[in-house]
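Q: Sequence first, then the predicted structure:
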Amino acid sequence: MPAPSELTAMNWPNEAGRAPVTQLESARAGITTPEMHRVAEREPHLTPDDVRREVAAGRMIIPANTIHLGYKLDPMCIGRASKTKINANMGASPVSSSTEEEVEKLRWADRWGADTVMDLSTGGDLDACREAILQNSTVPIGTVPIYSMIIGRKLEDLTYEVILENLEHQAKQGVDYFTIHAGVLREHLHYIQKRLIGIVSRGGSLLAKWMLIHKKQNPMYDLFDEICDIMREYDVSFSLGDGLRPGGLADATDEAQLAELETLGELTERAWAKGVQVMIEGPGHVPFDQIEYNMKLERRLCHGAPFYVLGPLVTDIFPGYDHITSCIGATAAAYHGASMLCYVTPKEHLGLPKKDDVKQGCIAYKIAAHAADVALGIPGARDRDDDLTKARAALNWEKHFELSFDPDTARAFHDEDLDVDTDFCAMCGHDWCSVRISKEIVEFASGKAEGFAPEKKAVRSKALTAEQSEILERRDVLSPEEIHKLAHKGNKSACHSDNVPEAGQAIRVQQEILEKTEAG
Ligand code: SF4
């Protein structure tokens, strides 16, 4: 496996005599900014000085456009020393969605834990949509500026002036990070012929076409220094795009992808020398066994700049379930080196994600990020898991739901079969509930953790909220009447071990209830 680079952003210092503008420049000058303090509050295992050191080294970024900071942005960080972050993509397309819908999706993604959001709109009023998202967002917003550069004009008419004007405009609006596909070079394009699926990045394919039409180098590469100057002024971070990322397992880790990654390493050094924060975008579709290598290669070539990966999908034959195929790869990626995971929804490859797809994608990726953080031993990362285990061991359903990432779904699924507070659930039933039996075995501590045991007094199960009822309706299995036939509300079941401490008696009580239910 490639060894980590020994170089950091400190090896590419600012030009002498310039006052610090960006978080990177402040950090390298030894200044701990208010944003670094806020990041440390949100990452309790890090001190403000830890944050400053990581930012100074280029291993962490704080994507916080100075304009967006004037709205509602709550500063966060992306880097290996912090918790793994997730990004949700959204955006109107020419055939679907509107500005209101996108703002609603932004709130929804925030509700489900997205740490950053990318506005990838390619249709509707792009400018108004971006403005509305920036005004309403507490999380950093990223864009792929080339999309808006070609709205209303032919690709071949894209000029250097249009590129720089558009970037300046979006930076002034408050966008926190730009995906710039400056690493796709003209000399890389011949590698594509060997691929099964060519170029799957929208930005990458547009720029490749531009280069072929104009017989010139990638304009983003040629303009890189000027782009850095614009981005520095507002502290917009680079998300250096992977325009040649593989679009299928067969194309993973090929010459095209690796040649571009090498160029991204060179661009990282140039951006750092200009004082601009950098993260690197990564693949795509990668067989599970190649993920570790990919993560470590990036860490070497880009000197530890945060790696922001899309998935990767570890198999190609499950359209409709790509949030799962990709979150398996994302977990491995985060464990081996990625700092932010770009979610994939069940609609990937098939259509524009709707509200529920956004939720499914966010949850899959929160699972991936959290699983990696636990495995990496980030201090405190497992605390909530341990608390939930204690509540589970105590058969304290209320606390179990409360500690769940999605309490509505957890409660709805539990209550679907058994909506009473009892010391077992419908999965195994009273007699076979190993957790209940363990609780009764006095030699085991399990189920007796202080503060986790349920109230001795029967607690009435809360009625399902509208959202929880909707979850059950969608499942379309049991009607509320059927559920209520299975259990009654308000008291602990007659067979609850608080009422009948002896198992034989509990079985007799259950039998009686069953007979009465069948008769009734
Ligand atoms: S019945 Fe089975 S699944 Fe339910 S709490 Fe007991 S052991 Fe767990």
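A: Everything's here; your move. Note that the coordinates shown come from a computational prediction; the quantities given were computed from them, not determined experimentally. Residues are numbered from 1 along each chain as shown.

Q: low pLDDT regions in the stretch 301-450 of the chain?
A: Applying pLDDT under 70 to the stretch 301-450 of the chain picks out no residues at all.

Q: quick one: the helices in it?
A: Taking DSSP state H, counting those that start in this stretch as the criterion, the stretch 301-450 of the chain contains helices spanning 322-336, 355-376, 383-393, 397-403, 407-417, 434-440.

Q: wait, which of those helices is closest to the ligand?
A: helix 434-440 (4.3 Å; Cβ to the nearest ligand atom). (C-beta placed from N, C-alpha, C; glycine too.)

Q: buried stuff in that closest one?
A: 435-437, 439 (16 or more other Cβ atoms under 10 Å).

Q: so which of the helices of the stretch 301-450 of the chain is the most packed in?
A: helix 322-336 (a mean of 25; mean count of other Cβ atoms under 10 Å).

Q: any chance of the helices of the stretch 301-450 of the chain in TSV, plus distance to the ligand?
A: Formatted as TSV, the helices of the stretch 301-450 of the chain follow (distance: least, Cβ to the nearest ligand atom, whole Å):
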stretch	distance to the ligand
helix 322-336	23
helix 355-376	20
helix 383-393	7
helix 397-403	9
helix 407-417	9
helix 434-440	4
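
Q: so which of those helices gets nearest Cys228?
A: helix 322-336 (27.5 Å; Cβ to Cβ).

Q: hey, C-alpha coordinates of the closest one in CSV?
A: Written as CSV, here are the backbone C-alpha positions of helix 322-336 (Å, rounded to 0.1, in the frame of the first residue of the first chain):
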residue,chain,number,x,y,z
ASP,A,322,-27.4,1.6,-5.0
HIS,A,323,-27.6,3.4,-1.7
ILE,A,324,-26.8,0.0,-0.2
THR,A,325,-24.2,-1.1,-2.8
SER,A,326,-22.4,2.2,-2.3
CYS,A,327,-22.6,2.5,1.4
ILE,A,328,-20.8,-0.7,1.8
GLY,A,329,-17.9,0.8,-0.3
ALA,A,330,-18.3,4.1,1.6
THR,A,331,-17.8,2.4,5.0
ALA,A,332,-14.5,0.9,3.7
ALA,A,333,-13.5,4.2,2.1
ALA,A,334,-14.1,6.1,5.4
TYR,A,335,-12.2,3.5,7.4
HIS,A,336,-9.2,3.6,5.0
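
Q: got the angle between it and helix 355-376?
A: Calculated by axes from the mean of the first three to the mean of the last three Cα atoms, to 10 degrees, helix 322-336 forms an angle of 20 degrees with helix 355-376.

Q: just to revisit the earlier point, any chance of JSON lines for the helices of the stretch 301-450 of the chain, columns distance to Arg300?
A: Formatted as JSON lines, the helices of the stretch 301-450 of the chain follow (distance: least, Cβ to Cβ, whole Å):
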{"stretch": "helix 322-336", "distance to Arg300": "13"}
{"stretch": "helix 355-376", "distance to Arg300": "19"}
{"stretch": "helix 383-393", "distance to Arg300": "33"}
{"stretch": "helix 397-403", "distance to Arg300": "40"}
{"stretch": "helix 407-417", "distance to Arg300": "41"}
{"stretch": "helix 434-440", "distance to Arg300": "47"}
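
Q: Any idea how far apart the tips of stretch 300-318 sit?
A: Terminal residues of stretch 300-318 lie 32 Å apart, using Cα to Cα, to the nearest Å.

Q: Pull out the buried positions in it.
A: Buried, per 16+ other Cβ under 10 Å, within stretch 300-318: 300-316.

Q: Could I get the full set of strands for the stretch 51-200 of the chain?
A: Applying DSSP state E, counting those that start in this stretch to the stretch 51-200 of the chain gives strands spanning 60-61, 78-79, 85-90, 116-119, 141-143, 177-180.

Q: model confidence over the second one, on average?
A: Going back to what we said before, that points to strand 78-79. Mean pLDDT, strand 78-79: 98.

Q: again, but for the fourth one
A: Averaged across strand 116-119, pLDDT comes to 96.

Q: What pairs with it, parallel or antiparallel?
A: Each strand paired with strand 116-119, and its direction, by DSSP bridges: strand 85-90 (parallel), strand 141-143 (parallel).

Q: interface residues of the stretch 201-350 of the chain facing the ligand?
A: Nowhere does the stretch 201-350 of the chain come near the ligand, counting by Cβ under 6 Å from any ligand atom.

Q: likewise the stretch 401-520 of the chain?
A: So far as Cβ under 6 Å from any ligand atom goes, the stretch 401-520 of the chain lies against the ligand at 424-425, 427-428, 433-436.

Q: so which of the strands paired with strand 116-119 gets nearest Ala369?
A: strand 85-90 (5.3 Å).
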